Each structure stands twice: as structure tokens, then as C-alpha cells.
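K.L.:
dropping the sequence and predicted coords here.
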Amino acid sequence: MSSRVRVRAVCLLLHVCLLALGLVKLAGAQEAATLVIQDISCEGNFATSCDFIRHQVDIRPGMVVDESRIQDARLRLGLLPNFTSVDVRLEKGSRRGLAILVIHVTEPAFLDKGFALGSAWRFGGLTETLAARVADRNLFGTGKWLSLDVIGSMPVSGPTARESLVRLQYFDPHLFGSTRYVLSAGATYVDADYSYGNGDRYDIRLSALNIGIGRWFGDSSFVTLAYSSLPSISKFDLYQNGSATTRTPRNTLQVVYGMRTEDDVNFPTHGWATQFFFGRDVTGGLLFAAGDVRGTWTLSTDSFLTMQLRKEPLTELRASYLDEPNVSLTYSHSLSFMRDSSLRARWFIGPGLAWYGFTASGSRLYEGGVRGGVRFETKSFGIVSFYAVVDAPHFARRD
Amino acid sequence: MDRYAKKMAVMLLLVLRPPHAVAARLTPWIASTGLGVAITQTTLPRTLRSDLSSGLTNRIVLEIVLLKDTARVRQRAAEITVKYDLWDEIYRMTVTLEGTIITSQTYTRVEEVMGALSSLRLPGLFAAGDLPDSARLQLAVKIVFDPIEKARLEEQRQWVQENTSPAPPPATPNVSEIGPGAQAAAPIPQQHSLFDRIFEQYAAGATVAGTWQDSGSSFEF
């Protein structure tokens, strides 16, 4: 081999070496510029599972870090009611080019509490009612709900008006991960004993179980198919006209249609909350229908008007409305000293009308009254209400 | 008012002043490149230190306006990006003016980056020849940290609305309620206050809105 050829070969070798070195460097630079997500970890999630957070972000390990996608994920998580704030950062992975996506969330309080204390002057007597609710809206970090309601009424003077109600309710807002289907199941125990001025009385002891699957249509309408059973019931009705006209269905299949555009359950400013029930006793063939309609309008910045119509479909629910009448019109007003606070408060007052029995001649008896009180949002006790009911004229009307 | 009362009043004002009461200070200067501005005393977000080290790109948008007798005559948009390199452990800061890079620098400590952000110098904003003939010119700036585009926010809000159940429908009558006093699912009033604030900024006509912003104006020159 001539020296010229040797020089050429060395030059070529050098070129190849330089090229290889350049390629290696380029690969290193590309690796540094392109980060790949090795894992996604969560911080600050005490009640929400990391799986739920991962499901929401739409980013998976192995994906190239896309800042636009990460910002979308951060916004999306921040807009969910599950979190009050969301921060996202990257941390070093096991080797250069790999990164761990860390999602730090701050959760709101998921434990809802509510208390109500009411006094009712009805039929010449005074009855005191105490109600409480505790609800976990993120059971074991799964996003499911569990609530416990306890209501007790005791007469202080006058005719008997005693009631105890315990209700445990489970709710899954995302049945099998669906955003449309929901599941609800509950158990209720009621022990109520009432007597009225006209001599009517009823005495109920029952336990009820229910389960239902619902589907949302659009943002505000839903249809629920529910099955309700009363495993135990002891019921005594005595009406002045001698006919116990109401029959309690033991096993019912119900279709519920509802529409909710009300902006807030406790402090509504506008919208409707309506439900219509159509049911059938599967053993006896008894058909029934009922409904619940509530509409609220804003009158001015701080004042609101709520109209409510209600017909109870089932005996178990007859006595558990916290002295709410069947028909009512309620004026409510924000409390001025709470206006600058992030917590809300309102006073409310309004007339109402309720059906409670029959006369000896078979006419329906109605009770008019006024219901008023205050409702506060508190940090320690949740929603707290105090109310009073004073009944006014009683009158009969033949249907 | 005696001296003690005056002193107490001043102390009270200092204590009770809103966090944005002291706005960014602008000092205009002219050079061969044109009119520039030094922006100092910018109020930085409380989370900036951790945000800068997040490994993700931090964006800060500046809208600089030239005012003539308080009327807007020229406008420039500058953008600062800061990104922390997880392995090299350096902060890369780039300043662009109308899309053109004017400075690019690296820092090793987050304090240096924060120092640079609280004392910015933007040269050549407006060419000297383009300046209107007036003795009453003024510069004003709006600084938006972590800007979020309106369309993007709307899109994500829509996604959340479509993919979360609005509220629980009951399986049987009234099971979700026990009356007006003790109902579950009370919404948390301040839940989305951060995003609400951004929507409010856009509703008020802002062209760019973010989680934190500061503004300021120069003396007349």
C-alpha cells in the first residue's frame, strides 16, 4: 500500500470517528431535549386515589413530556370539585431523559355536616325537632358518597308528634367509571307517632331498603329506575271518617324523572329542582304517582323567592320533611353582616299549606301556617338551620 | 393629630395595604437601539420559587404600552420563559420581544432568576425615530405570570362539565335530602376562585390573563 493510500485511509478513518462522535453527541442532546415520562406520582391526595388523578390527566408513562398536555391536565384537575388547587412539576427519573410527573393537589373538606333545630307550634302544642347529617363525598378516596341522616321530634306540649328517623345512603356518581350512570342504595328506619286535633292519628314503624340506577340526560335531567322494599312495617292509621284510605306498597318499582337546574341546594339563587315519581307495587299492582317541584328566583342582589310543591308518594317519607308544608312560598334574604364573608347565611320566611287528614264527612283537612328561620354556613358544623313553624287557620275542603 | 397618632396611622396603612398596592416601577431610558425600559419592584407570585424549579416552562408575558398624553400610541409584547434543567441543574431564561430573542441567559440559583425577574431591562422597545413628538410620553406595563389562554380554559371547563356528573339524582323520593337544614353536597364556594378570577379578567376585556399579575407605569418624560 502506498503512503498516499495510507494517508487517505487514515483520513477516512478519522472522518468516520468524528462522524460517530458527532452522532453520539447529537443523540445525547436529543435525549436531553426529549424527556419521557417514567412515572406519575401524586402528593397531597389524602381522600382521592392517585388512580383517579391519573385517569383524569390523560398522560401515561412512556409518553414524551408535552407541556401543552400537562397544562391541560393541570387546568382540568383544577376545575374538578375534588381539588382546590393543583400544582404540577417534573422530577428526575432513574436516568437522564426520564422524568417523573408529580401532581400535587390540595383537597377541600369532603366531610359535609348539617344540623337543623326546629320548633313547631301546631294543633295547640309545641314540638321540637333536631336533625343531623354527616356525609362523606369521597368515601375511602374513591369518589363515592355515604351519608347518615338522623332526625328526632319530640312533643313538649299538646298532641303527640313523635318521630325518629335514621337513614344511611350510598351514592356512586360514576357507576363503573361512567359519567352518565349513577347508583344509589339506602336503608331507612322510621318510628313515627302523630295525632291531630280532629282525632286522626297514625303510628308507623318500618324499615325500608332501596336501590336505584339512574342516568343523566344532558346536564340537568335524569331518569332513575328504583326498587324499594319494606322488610318490616307496623302501621296503624285511624281517620275520623273511619276509612284508612292509604295503603302502603311493600315492594315497589319506581321510575323517577328529575330535572335540576338549581344552582345550590342550600342557598339557591335560581333554577329548578323537580322530581316526578311513577310507581307500582309489584305484589299488589297498586299504582301511584307523586312529585316534588321547587323553583327559585332572584329578586335583587340579596333576596330570593322559592316556590315549592310536594306530594309524598310513600308512607315512610310522610313524616320526615322538617315541618315543611306541601305547598309553600318562601322569601329569603342574605344576612348583611355575612356579606363580606366567604361563608353564606340567609333568613327566610313564608306561608305554607299542608294536608293532614279528613273530616267525618270525608272532606280533606288542610293546615295553613308560616315557617321562618335562619340558615348559616359554618366552618365547624357545616350548614346549620334554625326554624320555627306556627300554624294558622285549619280548614276543610271537599275534593 | 399628634406625632404618635400619625406614626400609628402610617404603621396601620403599611400593615393593611393590599399586596399589590406597591406596583412595578418603570424607568424609561433611551439609547442607540431606541427607547427601553427598566422594570423593578415587580410583585412576584408567592409560588414562583417552586414554579421556577418545576422543570416545566414558566411563562411571563409583558404588555408594554407607550402613552402620549394618556392615550395609547404604541404597544409591544415581550415574553420571558424560564425553564429549569433537571440534570444540568441550571435555569435557562429567555426574553423575546415580538417573537425575537433579545437576551438568553443561564443561572445556577433560583435567587438569581428571581432577582433578574424583579429587575428587568428591556432595550429597544420603540425606535427613537418612531417616538411621537411630544414632551408628555409615558410607559405602562402589565405583567402576567403563567398566562392561560381563554380558549384553552373554556375547552377544559367544557371537558370537565361533560365528564363529571352534575349532581346526584335520587333513587327514591327525597333520599338525597332531609329538608332544608341539613343537606349534603353543599358546593364549596371558593372552589374555583382562581379560574373564576381568570374568567373575570377575560370578561373585563383583557387580552391575556393569568394566575398572577402586576402592573405599573413610568413618570412622564
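P.N.:
Received it, and whenever you're ready, just let me know what you need.
K.L.:
after the lengthiest strand in chain B comes which helix or strand?
P.N.:
Among the segments of chain B that qualify as a strand by DSSP state E, the longest is strand B:71-85. Going down the chain from strand B:71-85, the next helix or strand is strand B:90-97, by DSSP states H and E.
K.L.:
okay, angle between that following strand and strand B:71-85 too, please.
P.N.:
Per axes from the mean of the first three to the mean of the last three Cα atoms, to 10 degrees, the angle that strand B:90-97 makes with strand B:71-85 is 160 degrees.
K.L.:
show me what strand B:90-97 is packed up against.
P.N.:
Here strand B:90-97 touches strand B:71-85, strand B:100-107, helix B:110-118, strand B:119-126, going by 3 or more Cβ pairs under 8 Å, 6 or more residues apart in numbering or on different chains; DSSP states H and E. C-beta here means a position set from N, CA and C on the backbone, and glycine is covered the same way.
K.L.:
next, the buried residues of the longest one.
P.N.:
Buried positions in strand B:71-85, judged by neighbour count with 16 or more other Cβ atoms under 10 Å in any protein chain shown: B:R74, B:R76, B:A78, B:E79, B:I80, B:V82, B:K83, B:Y84.
K.L.:
would you mind measuring from the last one to A:I100?
P.N.:
Right, the one you point to is B:Y84. 14 Å (Cβ to Cβ, to the nearest Å).
K.L.:
residues in contact with the nearest residue to A:T34 once chain neighbours are set aside?
P.N.:
Spatial nearest neighbour of A:T34, excluding adjacent residues (Cβ to Cβ, 6 or more residues apart in numbering or on different chains): A:V64 at 5.8 Å. If a contact means Cβ atoms under 8 Å, 6 or more residues apart in numbering or on different chains, then A:V64 has A:T34, A:L35, A:V36, A:I37 as its contacts.
K.L.:
closest one of those to chain B?
P.N.:
Among these, A:L35 lies closest to chain B (Cβ to the nearest Cβ), at 8.0 Å.
K.L.:
and the gap between the closest residue to the closest one other than its chain neighbours and A:R205?
P.N.:
Leaving aside its chain neighbours, A:L35 sits nearest to A:V65 (4.1 Å; criterion: Cβ to Cβ, 6+ apart). The gap separating A:V65 from A:R205 is 63 Å, by Cβ to Cβ.
K.L.:
A:R122 now?
P.N.:
In terms of Cβ to Cβ, A:R122 sits 22 Å off from A:R205.
K.L.:
okay, and the residue nearest to B:S118 when sequence neighbours are not counted sits in which element?
P.N.:
Once flanking residues are discounted, B:S118 sits nearest to B:T42: 5.2 Å by Cβ to Cβ, 6+ apart. Using DSSP H and E, B:T42 falls within no helix or strand.
K.L.:
could you do the one 3 residues further on as well?
P.N.:
Following DSSP H and E, there is no helix or strand that holds B:P45.
K.L.:
likewise B:L153?
P.N.:
helix B:150-163.
K.L.:
got a list of contacts for the helix or strand hosting A:D51?
P.N.:
Assessed by DSSP H and E, A:D51 sits inside helix A:50-57. Helix A:50-57 is contacted from outside by A:40-42, A:45, A:73, A:76-77, A:80, A:82, A:103, A:105, A:141-143, using Cβ under 8 Å, 6+ apart.
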